[in-house]
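S.K.: output the structure for:
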Amino acid sequence: MEIRIEKNQKNLAYNIKDNGRGFDVTAAHKGYGLRLVNERISLFNQSSKEKKINLKINSDKQGTVVMITLMNWLE
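M.R.: Here you go, the predicted structure:
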């Protein structure tokens, strides 16, 4: 597993990467995990005028990369 945290102007980016078997990010899943995370991010982004959260997940047979960017969180 690899975890990187980067500062870019007013943004803070978290990149988490593993080399597991991956999964289909577009498929429906039985669990609530990713669905609730996406719903909470959407609610936050609707309620905040300046600060935003961007979540992007890429996954294939070589592993998964989760990228979370907190936009305009730093001064």
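
S.K.: doesn't Ile41 fall inside a helix?
M.R.: Yes - judged by DSSP: H, G, I helix; E, B strand; the rest coil, Ile41 forms part of a helix.

S.K.: quick one: the closest residue to it other than its chain neighbours from Leu74, how far?
M.R.: Leaving aside its sequence neighbours, Ile41 sits nearest to Ile53 (CB to CB, 6 or more residues apart in numbering; 4.8 Å). All C-beta spots, glycine's among them, are computed from the backbone N, C-alpha and C. Distance of Ile53 to Leu74, given as CB to CB, to the nearest Å: 14 Å.

S.K.: looking at those two, which is more packed in?
M.R.: Set Ile53 next to Leu74 and count neighbours by other CB atoms under 10 Å: Ile53 wins out with 16 against 11.

S.K.: pLDDT value on that one, please?
M.R.: For Ile53, the pLDDT comes out at 98.

S.K.: could you grab the helix/strand/coil label for it?
M.R.: Ile53 carries the three-state label strand when classified by three-state DSSP.

S.K.: which parts of this structure are strands?
M.R.: Along the chain, counting by DSSP state E, strands occupy 2-8, 11-18, 52-60, 63-71.

S.K.: just send the ones you listed back as JSON lines, with distance to Asn45 too.
M.R.: JSON lines is the format used below for the strands of the chain (distance: least, CB to CB, whole Å):
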{"stretch": "strand 2-8", "distance to Asn45": "19"}
{"stretch": "strand 11-18", "distance to Asn45": "14"}
{"stretch": "strand 52-60", "distance to Asn45": "5"}
{"stretch": "strand 63-71", "distance to Asn45": "9"}
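
S.K.: which one of these lies closest to Ala27?
M.R.: Closest of those to Ala27 is strand 52-60, at 10.4 Å (criterion: CB to CB).

S.K.: could you list every helix and strand that that closest one packs against?
M.R.: The elements that strand 52-60 packs onto, with contact taken as 3 or more CB pairs under 8 Å, 6 or more residues apart in numbering; DSSP states H and E, are helix 33-47, strand 63-71.
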